[in-house]
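In: Here you go, sequence then predicted model.
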Amino acid sequence: MKPVFVDTAHWVAIFDPKDNLHESAVEQQRLLEKDHSFVTTDFVLAEFLNMFSGSGPKLRSVASSTVRQILKNPNCLVVPASREYLQRGLDLYASRLD
C-alpha cells in the first residue's frame, strides 16, 4: 500500500460535518483507503485536539475518542513526537521560505 500523509486539516474536515471540506475529505478518504495507508504524527493529532479544546466537554470527549481510534487503526501509522522530528521539521520549514 502506498502511504499518504494526513494533516490536521483532513482530520478536522473528516470529524466536523460543518467543515466546508467535510464531504470532499470523506470522499477522498474513502477512495484512498482502498490502496493507501495513512501516515500522521503525534504533533498533528495534538493540533487536532487543540482545535476542539474550547468546544465543550461533549465534543472534547468525541474528539478524544476519535484520536484513540486513529491510534488503534492498523491502516494508519502515527509517527511519535520527538525532538529529532521537531528539529527535522523546523529545518525543512526554514529551508523553504517561499
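Out: Right, received. Where do you want to start?
In: can we go C-alpha only for contacts and neighbour counts from here?
Out: Noted.
In: the helices in the protein, which residues?
Out: With DSSP state H as the criterion, the chain has helices at 8-15, 22-32, 42-51, 57-72, 83-95.
In: Buried residues in the shortest one, which are they?
Out: It stands for helix 8-15. Thr8, Ala9, His10, Trp11, Val12, Ala13, Ile14, Phe15 (16 or more other C-alpha atoms under 10 Å).
In: Can you list the neighbours in contact with stretch 74-82?
Out: With C-alpha atoms under 8 Å, 6 or more residues apart in numbering as the test, stretch 74-82 has contacts from Ser37, Phe38, Val39, Thr40, Thr41, Asp42, Phe43, Ile70, Leu71.
In: Give the bridge partners for the fourth one, please.
Out: The bridge-partner assignment for Thr40, based on DSSP bridges, gives Val78.
In: From His22, how far off is it?
Out: Going from Thr40 to His22 by C-alpha to C-alpha, to the nearest Å gives 18 Å.
In: same thing with the second one?
Out: Phe38 sits 18 Å away from His22, taking C-alpha to C-alpha as the criterion.
In: re earlier: okay, the helices of the chain in JSON lines with distance to Met1 and mean pLDDT next?
Out: Formatted as JSON lines, the helices of the chain follow (distance: least, C-alpha to C-alpha, whole Å; pLDDT from 0 to 100):
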{"stretch": "helix 8-15", "distance to Met1": "20", "mean pLDDT": "96"}
{"stretch": "helix 22-32", "distance to Met1": "10", "mean pLDDT": "95"}
{"stretch": "helix 42-51", "distance to Met1": "22", "mean pLDDT": "95"}
{"stretch": "helix 57-72", "distance to Met1": "18", "mean pLDDT": "94"}
{"stretch": "helix 83-95", "distance to Met1": "24", "mean pLDDT": "89"}
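In: still on that earlier bit, ok, of the contacts of stretch 74-82, which come out buried?
Out: Those of those that meet the buried threshold are Ser37, Phe38, Thr40, Thr41, Phe43, Ile70, Leu71, by 16+ other C-alpha under 10 Å.
In: Give me the neighbour count for the nearest residue to Asp16 once chain neighbours are set aside.
Out: Leaving aside its sequence neighbours, Asp16 sits nearest to His22 (C-alpha to C-alpha, 6 or more residues apart in numbering; 6.6 Å). The number of residues packed near His22 is 19, by other C-alpha atoms under 10 Å.
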